[in-house]
Every structure is written in C-alpha cells, then in structure tokens.
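**Student:** structure, please.
(chains A, B, C and D)
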2 protein chains.
Amino acid sequence: MLVDTGLCERTPQACHHGRSENGCADCKVRLISVCSVLEPTELEELEALSHHLTLDKGHTLFGQDEPAGSVFNVIEGALRLTRLLPDGRRQVMGFALPGDFLGLALQERYSVSAEALGPVRTCRFGREDFAAVIEAKPHLLRSLHERAGYELTLAQEQMLLLGRRTAEEKVAAFLLSLRDRYARIGHSSVTVELPMGRQDMADHLGLTIETVSRILNRLDRAHAVLLVPGGVRLVDLPRLERMAAS
Amino acid sequence: MLVDTGLCERTPQACHHGRSENGCADCKVRLISVCSVLEPTELEELEALSHHLTLDKGHTLFGQDEPAGSVFNVIEGALRLTRLLPDGRRQVMGFALPGDFLGLALQERYSVSAEALGPVRTCRFGREDFAAVIEAKPHLLRSLHERAGYELTLAQEQMLLLGRRTAEEKVAAFLLSLRDRYARIGHSSVTVELPMGRQDMADHLGLTIETVSRILNRLDRAHAVLLVPGGVRLVDLPRLERMAAS
DNA sequence: CCGGGGCCTTGATCCAGCGCAAGGAAATCG
DNA sequence: CGATTTCCTTGCGCTGGATCAAGGCCCCGG
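**Tutor:** Residues are numbered from 1 along each chain as shown, chains lettered A, B, ... in the order given. Just a heads-up that it's a prediction; the model follows:
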C-alpha cells in the first residue's frame, strides 16, 4: 500500500512532515541525492515541503502517462521503471536506487511507471512546490540538470547494449553496471544485490526470462559469478569485463 | 572539412562572428532552438559569443570521449550521433536535425560522436562562455533542461523499440518518429526525407543493413510506403501506425 | 560516353535466442 | 506445517533476423 504519513508518531515537534525524527539533517541519502547541493537553510526550506512516503513490494508509486503531481527522492529500497507496449510487451527502462530522483525531467506526465521491488521509502514533493523552489535556486536546477545528463548517458549505454550486444554481453554488462551504481552510492562490494526478478532483468535487457536464467547459470558453472539468494557474487571480474565488451 | 568562418565576406559591420548578415534576428532556427526563450537583448549577448561553423558531408563535428570544448545549435543539415564498441560495432543513438542543441548535458566530455550526413551549418559556443551565460540566465538553463527531458523521453522510446519490437515494427516506428520530428520543426509532409543511409538506419534500429533494406522494400511492395530517392513517402499512415504498435 | 566505387537489393543458408513445456525450489498463507 | 503460488531452471525444437554471396543501380569523374 501507498502510505503518506501525514502524522508522525514519535516526536512530532522534531518531525518535519514525517520524514524522520531529525529531518533532512540525518537523512541517509542526503549526501548522494540532489539535496547535497543545498545549504542548511535551504535544506530546512525544502524539508518544510517534504512528505515521507513508504511503499510495499509490488505497489506502484506512479503510472506511465499519469499527470506528474509529485517528484520523489528515493531514500531506501529499489523501484522498477517500466514502459508498456499496447499488447503487453514490457521494457524496463531502469531501476531506481537510494539517492535517485524520480521526475527530474519535471514534465507534465510521468514517462514511465515506477513499481516497488521491495519495501521502499521515499521523500515526496508536490511538483508545484518543487518547481517554485527551483525557480528560486538555480544551483538546484543545475544539479538536477547534471543528473539528467547522467541519466542520458546511462540511457545511451543501454541503447548500445540493447542494439548491439549479444545475450551474454548484455548480462555481464548489466551486472557490472549495477555494481558500479551501488559503488556510487557507497555500497561497494563484489556481491551485487539483485532486488529485481529474472523477468525484470529480461525486460531490461531485451531478452526472455529463460535466456537470462540460462546465462546466469552458465556464468555460475563457469565460475565467473556465484549465484546467491537475492544476488550475485562477481567472482571473476576481469572475465566479466572482457565478456561485457565495453 | 570543418570551417570556422572567422571573417565575414559580405557586410562585416552587420556580421556577428560570421553567423549571417543580420545575426540571430533572421536565424532560421531561432524560434525552434533554445534561443527561442531569450529576450532580444539576451540574444545579442549570446550572439557576441557565437561562431558560425559549417561542415561537409562525412566529416566529424566532435568525437566520443573528446573534451567537450564547445556546444552547438544545428542550423541546417543533419548529423548522426554514434557510439562505438571496442570491436567496431556501432550504435546510432539518434540523428540531430535543425533546431537541435548538441552538448546540452554540459558534461566534461562528449558522450557520442557527431558526424555530418550532408552539408551542415551550426552555431558554435565555447563551453565556458555558454556556461557563464547560463549562470546568469536561469530560464535558459530551464529551457535546456526541458530539452534534456525531451531527449530522455526519446531515449526511452528508443530503448522500448530496441528491446521489444520486431524488425518490421522498428522500421515503421522509425519512419513515423522521423515524420513527427520533422513536423515539430515545421517541415510537415507525408514524404519523409531520409538524410541517412541504410547502414545508419540499421545501426540505429539494432538491425542489419540487409534487414532494413528488405523491410523497406517489402513495405513498398505492400503499398504502405513509396520509396523515393533520398526519402520515403508514407502512403498508408494508419497501417504504419498499426505496424509500429505504439 | 565510359569506368569505378559506393550504396542498395535480393537470394540462400545458418544460428542465437525464442517459445513451449515440464519440473524444481522457495516464499507465502491459512 | 502442509498447501498453494510464484519464481526459477532446464530441455528441445523452431524461427526471425543474421550472415554470406552475388548482382544491380546510380553518381561522379575523366
């Protein structure tokens, strides 16, 4: 379910619209989110407009083509960003991780659906509220634009992957790119968590679920990776990098 | 060749860094480019920083991973934006048309190579110069950000195409999207110019040149399109739209 | 007007990844 | 704690698009 905590149960006086007991100051993703470019006073300003929002596994944060009423900072958990073809074929455009900003294009309507892959915590802002803040703080817009540039680069990388890589290259490149994204948000490890299912990976890589499963297990048998519950351990990084052909 | 006209041959006093006799005021793409959000005085300011640059067919405006020294407005002609895999496989990320802005992510390095598909005219700005203008004019940044959002939407559309569409759907969707882009820049017509070759289309759609050729000719034989030199006439739009499955 | 090169088309064959089907493992629930 | 469901794996045959190969067309230059 979608839960917008209008009230804060524990320490109401310190709770700014339900985010946490101490607000943005001790926000887990403050330093890796767009908020990192804000001064303390600006942060308070933004905090006054924020709403804490949690979401259970499988539930939808917003749907493709819906009016974009809110924008979100992902605090915890992961989401799947998808587009559908009329006949039901699905493309997973990407996965949102902690620190990611959803709705950064500030467009009228969401261009994808966002669904929780597990329990998710977000920080929500009304689109109008946020637009007003941006109007007054060009450096926040600048930061958003930088993120948009990064997203564009990721999208291009993904197009190259979808258009010109083989199934094995796709899977290897995906695992490595996921590792890089975790590293970026301070979660470096050779064991990469896979919060999404096989079907989600398949729909992200332009493959079928069977092909993804076959290749992951082949990589496991070849000792390039080690499949573990809920993730993969990247055993032979150099080999994976050679496979990914990037 | 790459020609940066430092001097203007005809009416030097009216020629602002070689753009044209009357500068931005009568620029062909002023109303469809980022410049459309600028006031007349701001336009003059930007004009002082601009350089006219022309490029012959087949030549490179900038290369992937090069330091991004300049940003460009495309005035006339079309460019191919590509990324390469180490082994030479190529993905065409898109095509730049008049009114498009190249380098809008304002990143350190170009993420693609840009090559002229025919004679091209551009308006060049030094990246530092342009960044300074942006610093002073938040609404220009806002406009750039909107364009980035649009690019992101196009990229997502393309990912869906590459990942989940059949060859025929890809070709049909490509022709329709090209028609839409021409319409956007005021060049509405059922006859769509194809400034790129078959190989470029193939590398854009994740297909081979043979498949693109076969499908175009099949569509022609089926009277869905009419192949003409340098373009396609979209004869049966409803059928193409059904084919594209969007 | 002729020759060469770049593009495009078309046919024949092949194969990477798909689709189908049948289990197996593991999370969820009454 | 057994039953149900959901997700994952694996085998097998098939096929859409790739690959290989051979011309054809058209533009450009001499």
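**Student:** from residue A:134, how far out is residue A:41?
**Tutor:** Using CB to CB, to the nearest Å, one gets 16 Å for the distance from residue A:41 to residue A:134. For glycine as for every other residue, the C-beta is placed from the backbone atoms N, C-alpha and C.
**Student:** could you do residue A:158 as well?
**Tutor:** Residue A:158 is 27 Å from residue A:134, by CB to CB.
**Student:** more neighbours: these two, which one.
**Tutor:** residue A:158 (27 against 21; other CB atoms under 10 Å in any protein chain shown).
**Student:** pLDDT score for the more buried one?
**Tutor:** Residue A:158 is assigned 98 on the pLDDT scale.
**Student:** do the one 4 residues further on as well
**Tutor:** Confidence at residue A:162, expressed as pLDDT, is 98.
**Student:** just residue A:10 next, same as before
**Tutor:** Taking residue A:10 on its own, its pLDDT is 37.
**Student:** what about stretch A:55-67, average pLDDT?
**Tutor:** 96.
**Student:** helices or strands up against the one helix or strand residue A:161 maps to?
**Tutor:** Per DSSP states H and E: residue A:161 is located in helix A:138-164. Where contact means 3 or more CB pairs under 8 Å, 6 or more residues apart in numbering or on different chains; DSSP states H and E, helix A:138-164 is packed against strand A:90-96, helix A:127-136, helix A:167-184, strand B:79-84, strand B:90-96, helix B:138-164, helix B:198-205.
**Student:** try 6 Å
**Tutor:** strand B:90-96, helix B:138-164 (3 or more CB pairs under 6 Å, 6 or more residues apart in numbering or on different chains; DSSP states H and E).
**Student:** could you list the buried residues of that helix?
**Tutor:** Buried residues in helix A:138-164, defined by neighbour count with 16 or more other CB atoms under 10 Å in any protein chain shown: A:138, A:140-149, A:151-164.
**Student:** for the most centrally placed residue in chain A, give its distance to residue A:55.
**Tutor:** Nearest residue to the geometric centre of chain A (CA atoms, centre = their mean): residue A:96, 0.9 Å. Residue A:96 sits 11 Å away from residue A:55 when distances are taken as CB to CB.
**Student:** before we move on, what about residue A:134?
**Tutor:** Taking CB to CB, one finds residue A:134 at 25 Å from residue A:55.
**Student:** ok, now residue A:224?
**Tutor:** Residue A:224 is 34 Å from residue A:55, by CB to CB.
**Student:** so for stretch A:219-230, mean pLDDT?
**Tutor:** Mean predicted confidence for stretch A:219-230 is 97.
**Student:** start and end of it, how far apart?
**Tutor:** Taking CA to CA, to the nearest Å, stretch A:219-230 runs 16 Å from one end to the other.
**Student:** distance from that stretch to the middle of the chain?
**Tutor:** 24 Å (CA atoms, centre = their mean, to the nearest Å).
**Student:** now do stretch A:100-119
**Tutor:** Relative to its parent chain, stretch A:100-119 has a centroid offset of 9 Å by CA atoms, centre = their mean.
**Student:** now stretch A:43-50
**Tutor:** Relative to the mean C-alpha coordinate of its chain, stretch A:43-50 is positioned 22 Å out (CA atoms, centre = their mean).
**Student:** do stretch A:168-186 as well
**Tutor:** 13 Å.
**Student:** spell out which parts of chain A neighbour DNA strand C.
**Tutor:** Listed as neighbours of DNA strand C in chain A under the rule CB under 7 Å from any atom of the strand: A:166, A:167, A:168, A:206, A:207, A:208, A:210, A:211, A:229.
**Student:** most surrounded residue in those?
**Tutor:** Neighbour-wise, the residues of chain A next to DNA strand C (other CB under 10 Å) top out at residue A:206, 24 neighbours.
**Student:** what separation is there between residue A:90 and DNA strand C?
**Tutor:** Distance of residue A:90 to DNA strand C, computed by CB to the nearest atom of the strand, to the nearest Å: 12 Å.
**Student:** in a markdown table, list the helices and strands packed on helix A:138-164 along with distance to residue A:233.
**Tutor:** Shown next, in a markdown table, are the helices and strands packed on helix A:138-164 (distance: least, CB to CB, whole Å):
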| stretch | distance to residue A:233 |
| --- | --- |
| strand B:90-96 | 30 |
| helix B:138-164 | 27 |
